[in-house]
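Q: With the sequence up front, the predicted model follows.
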Amino acid sequence: MFTLEARTLPSVRAMWLAPLAALLLTLLGGSVLFAAFGHAPLQALSVYFLQPLASVYGIGEWLLKATPLAVCGLGLALGFRAKVWNIGADGQFTLGAICAGGLAIACDGFIDAESLWIAPAMALAGIAGGMMWAALPAWLRTRYGSSEILSSLMLAYVAPLLLGWLVNGPWRDPAGFNFPQSIQFADAALLAPLHEGARVTLAFPVALVLAGLLCFVQRYTYAGFRLQVSGEAPLAARHAGYSQRAAVWIAMLTGGACAGFAGYAEVAGPLGQLQPSVSPGYGFTAIIVAFVGRLDPRGVVLAALLLSLLALGGEAAQMTLDLPAAISGVFQGGLLCALLACDTFVHYRLRRVYRKPAAHTS
Amino acid sequence: MSATIPRLELRAIRKHYSGTIANDDIDLVVHPGEIHAVLGENGAGKSTLMKIIYGVVAPDAGELFWDGQPVRIHSPAQARRLGIGMVFQHFSLFESLSVAENIALALPDAPRPAALAGRIRRVSADYGLALEPMQPVHELSVGERQRVELVRCLLQSPRLLILDEPTSVLTPQAVEALFVTLRRLAREGVSLLYISHKLEEIRRLCDQATVLRNGRVRAHCRPAEESAASLARLMIGGELPATRLTPNALPRTPRLVLDRLSRTADGPFGTPLRELELCVHSGEIVGIAGASGNGQKELLEALFGEVALADAAMLQLAGEDIGRLGPAARRARGLGMVPEERLGRAAVPARSLADNTLLTAAGHGLVRAGLIRRPAVLRFARALIEGFQVRCKGAQAPANSLSGGNLQKFIVGRELAQHPQALVIAQPTWGVDVASAALIHEQLLRLRNDGVALLVISEDLDELFGLCDRIAVLAGGRLSPVRETGATDAAELGQWMGGGFGPVTAAAAPGMRDVHA
């Protein structure tokens, strides 16, 4: 018999070893999986993890895909620390895209290559759009006590409908052969690639700066401390006089602002126009990213890179090895399960229990 | 007695918990019909020992004998089958269910509550434990709830009954009633294990006592032949520092004033507060006695500012109306506050002591321009740890790694270090070891002699009598008259706890309500 025993202090060693152990377990499990499909495990794993990073273009794609995950995940992680459950980052992302894209479309007639102001203006519009969409659940929660989990999630389904109506109706490109999409944004409204031959934009370094900023907020600002306390011990926060309403508002608006910025970066970057769908679920995957990153900004960035790589690897495996798309999902799921399982040992230790003589029976 | 076979005998019981020894080499003999006290401080190993007897945890070594036969008790169910019953310190009752439903849930054959009502009535009549089986539990007082727990055990005809700090929540009258029942059970041959740290009670009730300290038996004695002081010496292994209330000649000005403080109940099972009148002067300690559930929670929330009052003038600090201010604003004006729950309310459990200073002391130079000043926070925390003899692994130790007593010293110290004008403190020594309790009492008295107004809300009458200049009782959401401590006694306060002090606020004229009796 084995039993899990709570550690008095979380083990620092286990905290570092757990993700590595999880990765190792996933690689082992993946090898078995690939072998079952008739591929040499080592070759399959190299297709999965190395091939996507073998070219400048590949590395660019990796960082490009990690950017929205990281930015959304950073905002969510701050809120989750305060136990404010913003599930609707995907909707806030879409609203950010709509507002930023709308500005680009509205200004299309009078911007030229000299109009340096348009990019920051679009970023602000995107941030404002995301915050607006996040403000609705925040208001419903603080005013009427309704669960932000439900309201933010439902709004995440409303946002794409709004976008769909816009690109099918008022914002449809007149010269676009009736495709449901907007005009291509002017060059000044686009984020240029960081490196020739790659598509990753300035938004990725911005994500890194954001992570650093949020680290600072969590560790050195009193506002960050209050926010975390209101999540960790709501009664203590109440006793100390920290406002629960403020915590909800800050958490939701930060999450919305981050998601909105990510939406802007997506339409001003790789997409370059508004389409009926601007997010393949970045806002939802960001929830996983936030938790895999243990709600720590540094961890969130790493988790975003990991999930981005898994997605690219999945695509590569489909193309090169002819593996079904579901394999990518199975593999990702396996990694997350392994991470959670290994995380257990940060706070618990496994102990062998021997049947011992409690009292001698004669 | 020596001729009879002991009902329960423990030999050399030993139990480890990851590194610490909870019980070491414990011998205990309980005869039929004996009331046996198990005496010890918090952490002395009483609870672990009772859990071993009740089958909740298995000992690492040692033997148990039941009626002279060796046994191994694997589970509480088996303990109950043997005839061992236990009344817990914290009740495990469902508020929304009736008495009979609650009892039915705990019985092994799960009888229909209606069928059980007759048996409950019979047992409760037999033992003078008045209960109405169909009454919902949320309508019951604390004493009545304990009766439910007791009747629940008695219905299973126990031969050994374990009572864990049974009087900690009872009024003096209810304690007397409980003792009558317990003595009667003993006469009928039931053995009782009575866990407590209240020395006077043990001297009056118990035939035998086993004193535990640091997990070991320090003495077996007959409590009637000991004095409270000698029992205390056995229990803590040294002399208690005496806390003494000496009259001080400080000028008394009203500092913390409750002026017709009223508020609604907190949830369906709460108690509304009705026109509380009280004036705490500088340099005095006023105690509010009474069993919890009589508006204590509501009063504390109102004093702490967690709930704003309807009228700002209902609460005044040094002449200023603060009834509508939040906790932080009240603190900034010099109101110190120590709530009852240390972990989760007074401190964030998983955070370091350093971080926890920020909760209430952020305004004392620990934060500048929105940024936490780490060096100042560490200095503040270290000063507290040193100044209040907090035993811990340093300022970075998480709050939940400290014992109750040490954490309480830290929390009280945190408020004292802010030099409050008035201090509201709830259950200052609840679950605190005797030595820490003495230190906390000493600090509170020093604060009083420095001219601070203190309001102590406690269920522990002994503590209030030792600490307070004046005492009142909060019962049913109303405040009794305030008496000089020397001019009242446990009997009068006990009567007031039952609500027997008439309509105070209506009878007395304004300004006359709070004159010294």
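A: Alright, I've got the coordinates.
Q: To what extent is residue 289 buried, counted in neighbours?
A: By default, I'm working from chain A. 29 (other C-beta atoms under 10 Å in any protein chain shown). C-beta: built from backbone N, CA, C; applies to glycine.
Q: wrong one, chain B
A: For B:Ala289, using other C-beta under 10 Å, the count is 30.
Q: same question, B:Leu493
A: 25.
Q: OK, contacts around it?
A: Going by C-beta atoms under 8 Å, 6 or more residues apart in numbering or on different chains, B:Leu493 touches B:Pro172, B:Ala289, B:Leu461, B:Ile471, B:Val473, B:Ser480.
Q: Distance from the host helix or strand of it to the middle of the chain?
A: Secondary structure from DSSP states H and E places B:Leu493 in helix B:490-497. Averaged C-alpha coordinates place helix B:490-497 at 18 Å from its chain's average position (C-alpha atoms, centre = their mean, to the nearest Å).
Q: And stretch A:60-77, by the same measure?
A: Centre to centre, stretch against its chain (C-alpha atoms, centre = their mean), the figure for stretch A:60-77 is 5 Å.
Q: residue contacts, B:Lys393?
A: If you count contacts by C-beta under 8 Å, 6+ apart, B:Lys393 has them with B:Ser401.
Q: What's the local residue count around B:Ser75?
A: For B:Ser75, the count of nearby residues is 12 (other C-beta under 10 Å).
Q: Need the contact partners of stretch A:92-99.
A: A:68, A:72, A:86, A:125-134, A:156, A:159-160, A:162-163, A:166, A:255-256, A:259-264, A:266-267, A:274, A:278-279, A:282-283.
Q: same deal with stretch B:254-266?
A: B:271-282, B:297-299, B:301-302, B:307, B:309-310, B:313-319, B:323, B:335, B:421-422, B:424, B:452-453, B:455, B:477, B:479, B:505.
Q: Filter the residues you listed down to just the ones in helices.
A: Secondary structure assignment by DSSP state H places B:Lys297, B:Glu298, B:Leu299, B:Glu301, B:Ala302, B:Thr505 of those in helices.
Q: Which single one of these is nearest to chain A?
A: If you rank these by distance to chain A using C-beta to the nearest C-beta, B:Glu301 comes first, at 9.1 Å.
Q: Touching, B:Ile440 and B:Phe410? I think so.
A: No. Under the criterion of C-beta atoms under 8 Å, B:Ile440 makes no contact with B:Phe410, lying 10.7 Å away.
Q: and the nearest residue to B:Arg184 once chain neighbours are set aside, how many neighbours does it have?
A: In this structure, B:Arg184 finds its nearest non-sequential neighbour in B:Tyr127, 6.5 Å apart by C-beta to C-beta, 6 or more residues apart in numbering or on different chains. Using other C-beta under 10 Å, B:Tyr127 has 18 neighbouring residues.
Q: Hmm, B:Leu154 and B:Tyr127 touching each other?
A: Yes. B:Tyr127 lies in contact with B:Leu154 (C-beta under 8 Å); the separation is 6.6 Å.
Q: where do the contact lists of these two overlap?
A: Common neighbours of B:Tyr127 and B:Leu154 (C-beta under 8 Å, 6+ apart) are B:Leu185.
Q: What ranges in the stretch 151-300 of chain B fall below the confidence cut-off?
A: Residues of the stretch 151-300 of chain B meeting the criterion pLDDT under 70: B:169, B:238-250.
Q: residues contacting the one residue in it that gets nearest to chain A?
A: In the stretch 151-300 of chain B, the residue that lies nearest chain A is B:Leu300 (9.8 Å; C-beta to the nearest C-beta). By C-beta under 8 Å, 6+ apart, B:Leu300 lies in contact with B:Pro339, B:Glu340, B:Val424, B:Ala426, B:Ile457.
Q: List phi and psi for the nearest residue to the first one once chain neighbours are set aside.
A: This points to B:Pro339. Counting by C-beta to C-beta, 6+ apart, B:Pro339 lies nearest to B:Arg345, which is 4.7 Å off, once chain neighbours are set aside. The phi/psi pair for B:Arg345 (degrees, to the nearest 10) reads phi -120, psi -50.
Q: Would you mind confirming that B:Arg345 makes contact with A:Ala240?
A: No. At 9.3 Å, B:Arg345 and A:Ala240 do not qualify as touching, with contact defined as C-beta under 8 Å.
Q: who has more neighbours, the two?
A: Between B:Arg345 and A:Ala240, A:Ala240 has the larger neighbour count (other C-beta under 10 Å), namely 27 against 24.
Q: For the residue nearest to A:Ala18 when sequence neighbours are not counted, which residues are in contact?
A: If the residues on either side of it in the chain are set aside, A:Ala18 comes closest to A:Cys342, at 4.0 Å by C-beta to C-beta, 6+ apart. By C-beta under 8 Å, 6+ apart, the residues touching A:Cys342 are A:Leu17, A:Ala18, A:Pro19, A:Ala21, A:Ala22, A:Leu25.
Q: burial of B:Arg112, as a residue count?
A: Here the number of neighbours of B:Arg112 (other C-beta under 10 Å) works out to 10.
Q: For the stretch 401-517 of chain B, which residues are neighbours of chain A?
A: Residues of the stretch 401-517 of chain B that fall close to chain A, judged by C-beta under 8 Å from any C-beta of the partner chain: B:Ser401.
Q: low-scoring pLDDT stretches of the stretch 401-517 of chain B, where are they?
A: For the stretch 401-517 of chain B, the stretches with pLDDT under 70 are B:503-517.
Q: I would like the residues contacting stretch A:113-131, please.
A: With C-beta under 8 Å, 6+ apart as the criterion, stretch A:113-131 contacts A:92-93, A:95-104, A:107, A:111, A:186-189, A:191, A:253, A:256-261, A:263-265, A:268.
Q: In helices, which of those fall?
A: Reading helices off the contacts of stretch A:113-131 with DSSP H, I get A:92-93, A:95-104, A:253, A:256-261, A:263-265.
Q: for the residue nearest to the spatial centre of chain B, what are its contacts?
A: Centroid-nearest residue in chain B, with C-alpha atoms, centre = their mean: B:Trp430, separated by 4.5 Å. Going by C-beta under 8 Å, 6+ apart, B:Trp430 touches B:Glu340, B:Ser458, B:Glu459, B:Asp460.
Q: can you do 7 Å?
A: Residues near B:Trp430 by C-beta atoms under 7 Å, 6 or more residues apart in numbering or on different chains: B:Glu340.
Q: in what helix or strand does it lie?
A: Per DSSP H and E: nothing holds B:Trp430, as it lies in no helix or strand.
Q: And it, its phi and psi?
A: Torsion angles, degrees, to the nearest 10, at B:Trp430: phi -70, psi 120.
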